[in-house]
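**Student:** okay, sequence plus prediction incoming.
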Amino acid sequence: MSITFPTARLAQVKTPFYYYDTDLLRQTLQTITAETQKYPNYHVHYAVKANANLKLLSIINEAGLGIDCVSGGEIQQVLKAGFPADKIVFAGVGKSDWEIELGLEAGIFCFNVESIPELEVINEIACAKQKTANVCFRINPNVGAHTHANITTGLAENKFGIAMEDMETVIAKSKEMSNIAFKGLHFHIGSQILEMDDFVALAERINQLQDRLEAAGITLDIINVGGGLGIDYTAPEANPIPDFASYFATYHSHLKLRPGQSLHFELGRAVVGQCGALITRVNYVKQGSVKQFAIVDAGMTDLIRPALYDAHHKILNLSSTEPEETYDVVGPICESSDVFDKDIKLPRTHRGDLLAMLSAGAYGEIMASGYNCRQLPQAYTSDELQ
C-alpha cells in the first residue's frame, strides 16, 4: 500500500502542514517485525532524529521497537512518548554533561561513545552519581557509502567515531574505569543508502575488527551497525516500503556474529520516510519570460531537504486532473534556493490547488525552522482526518 490522501478533508486544513498516513506506518512496522523475527538476536532501534512527532512515536513504541537518540531533548521526548529507558541508545559526537546525567538518571540501555575524552567524562559523571554506564564504542570503519557527501559518516575524514587504530587502546582504558561497562562496538556509515554492497563492505570490515579483537582476547556482547537504509524518492508510490528483507538478509549472510552476540540497528528514514507528505497550497501561478512558476505557501523553512541536499521529492497536484504543463515549484522565502523542484510536469495548476510533496516523513517536520519569522508547520495523521 502507498500513502493515501483524504483530499476533501485535507482541503479544510490551513496550509502548509504535514500529513502522516498511519496505516502505511503500521504496515512498514509490521514488515520490519516480520523480517527481524527471522533472526531472533536482531534488535531495531528507531532513530528519532528522523521524526520526533509524538503521535508517530506512540505508534512506533506500540510496535515494540527500541529507540536511538542523539540529544538529551530526544531522550526527554521518547520518554514522554512512553518508550522504556532500557531500550534507548544514546549516540552523538558532542554529548553535554546534562545529557549524560539525564541518560544515567533515566537508566538508558547504552551510550555510543565517540572519543576517549567523552568516555572519561561519562565515567566521571557516573562515578559522582554512583551509576554504571553501559557503553559501546563507535568505530569509524573508513567505509564509504554511495550517498550525498553531507550524509556520509563512515570515512576517516568525518568527525564521527574512534579511529580503528585506537580501538584496543580505548577498550583497555574502559576496562580500567570503575563506572563503565564495555559492551561492544557501534558503527554508522551514512544515510539514504540503497546499494547493499555498502552494507556488505561494513560487515566485512566488522569481521576483520572482531578477528583482531579476539586475537587480543577481547569479546563483544553487542554489534551495532547503525542504520542508513534509504527509501525510493523517485517512485514512492511504487515502493512505499523499503526492502527490509534484503537489508537484514545482507547482514545475516555477510556478518559473522559470534555465539550469544546481539545485532542492533538504528533505522530512521526507512521507518517513517514514506508515510509523510508536506501539504501546501498554490498561492500564485506566475508566467516568467522562460519559466512558469507554481508559487506555494510552503517554503524551505517547512522542508529544507531540497535546498540543503538538492533532494528530490515527488510532487502531486491533488486538486487538478487537467492536461499537464511544466512548472518550477517554489516557495515564498527570500532565498533563491527556496525551490522544491524545477521543470516538472503537473496537471494544469491554479491558485488554491493543493500540492503534496511525497516522501517527507523523515527530516521534514523535525528540521523545520522559523526563518523569516514563519510559523512552524502543524502536523496531522490520517487517524485525525478521516
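**Tutor:** That came in fine, so what should we check first?

**Student:** quick check: longest strand of this protein.
**Tutor:** strand 276-287 (DSSP state E).

**Student:** next SSE after it?
**Tutor:** Counting by DSSP states H and E, the next helix or strand C-terminal to strand 276-287 is strand 292-296.

**Student:** buried residues, the helix or strand following that next one. List them.
**Tutor:** Where DSSP H and E defines the elements, the next helix or strand beyond strand 292-296 is helix 305-309. Of the residues in helix 305-309, those buried by neighbour count under the rule 16 or more other C-beta atoms under 10 Å are 305-307, 309. From N, CA and C alone the C-beta is placed, and that goes for glycine too.

**Student:** turn these into a markdown table, including distance to T15 and pLDDT.
**Tutor:** Formatted as a markdown table, these follow (distance: C-beta to C-beta, whole Å; pLDDT from 0 to 100):
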| residue | distance to T15 | pLDDT |
| --- | --- | --- |
| R305 | 18 | 97 |
| P306 | 18 | 97 |
| A307 | 19 | 96 |
| Y309 | 24 | 89 |
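
**Student:** tell me the confidence at the residue most central in space within the chain?
**Tutor:** Centroid check for the chain by C-alpha atoms, centre = their mean gives G268 as the closest residue, at 3.1 Å. With respect to pLDDT, G268 has a value of 98.

**Student:** wait, it sits on V48?
**Tutor:** Yes: judged on C-beta atoms under 8 Å, G268 makes contact with V48 at a distance of 7.3 Å.

**Student:** shared neighbours, these two?
**Tutor:** D68 (C-beta atoms under 8 Å, 6 or more residues apart in numbering).

**Student:** pull the residues that contact stretch 162-170.
**Tutor:** With C-beta under 8 Å, 6+ apart as the contact definition, stretch 162-170 has outside contacts at 113-116, 119, 137-142, 156, 185, 209, 212-213, 216, 218.

**Student:** could you redo the last one with a cut-off of 6 Å?
**Tutor:** Contacts to stretch 162-170, defined as C-beta atoms under 6 Å, 6 or more residues apart in numbering, come from residues 116, 137, 139-140, 216.

**Student:** out of the residues you listed, who has the most neighbours?
**Tutor:** Compared across these, F137 has the highest neighbour count, 27 neighbours, by other C-beta atoms under 10 Å.

**Student:** what bridges to that one?
**Tutor:** Note on F137: beta-bridge partners V113, L185, judged by DSSP bridges.

**Student:** what's the nearest residue to S246 if we skip its chain neighbours?
**Tutor:** Spatial nearest neighbour of S246, chain neighbours left out: M196 (5.9 Å); criterion: C-beta to C-beta, 6 or more residues apart in numbering.

**Student:** next, find the distance separating that neighbour from H313.
**Tutor:** Per C-beta to C-beta, to the nearest Å, M196 is found 24 Å from H313.

**Student:** does C110 touch N134 like I think?
**Tutor:** Yes: the pair C110 / N134 is scored as a contact, 4.5 Å apart, by C-beta atoms under 6 Å.

**Student:** which one's more surrounded, those two?
**Tutor:** It is C110, of C110 and N134, that has more neighbours when counted by other C-beta under 10 Å, with 25 against 18.

**Student:** now do the contacts for the more buried one.
**Tutor:** C110 is in contact with 89, 134, 136, counting by C-beta under 6 Å, 6+ apart.

**Student:** am I right that the second one is in a strand?
**Tutor:** By that I understand N134. Yes: assessed with DSSP: H, G, I helix; E, B strand; the rest coil, N134 lies in a strand.

**Student:** quick one: pLDDT of it?
**Tutor:** Per-residue pLDDT puts N134 at 98.

**Student:** contact partners for it?
**Tutor:** Listed by C-beta under 6 Å, 6+ apart, the contact set of N134 reads 110, 181, 183.

**Student:** what strand or helix carries the second one?
**Tutor:** If I follow you right, that is A181. According to DSSP H and E, A181 maps onto strand 180-186.

**Student:** so what touches that strand?
**Tutor:** In this structure, residues lying in contact with strand 180-186 by C-beta under 6 Å, 6+ apart are 112, 123, 132-139, 174, 220-224.

**Student:** which of those are buried?
**Tutor:** 112, 123, 133-139, 174, 220, 222-224.

**Student:** ok, which pair from those residues is furthest apart?
**Tutor:** Across these, the longest distance by C-beta to C-beta is 22.8 Å; it joins N123 and I223.

**Student:** direction included, what does the longest strand of the chain pair up with?
**Tutor:** strand 17-20 (antiparallel), strand 292-296 (antiparallel), strand 354-357 (antiparallel).

**Student:** so for that strand, mean pLDDT?
**Tutor:** Averaged across strand 276-287, pLDDT comes to 98.

**Student:** just how off-centre is it within its chain?
**Tutor:** Between the centre of strand 276-287 and the centre of its chain there are 26 Å (C-alpha atoms, centre = their mean, to the nearest Å).

**Student:** what does stretch 195-215 give?
**Tutor:** Distance, stretch centre to chain centre, for stretch 195-215: 23 Å (C-alpha atoms, centre = their mean).

**Student:** again with stretch 184-191
**Tutor:** Mean C-alpha position of stretch 184-191 versus that of the full chain (C-alpha atoms, centre = their mean) differs by 13 Å.
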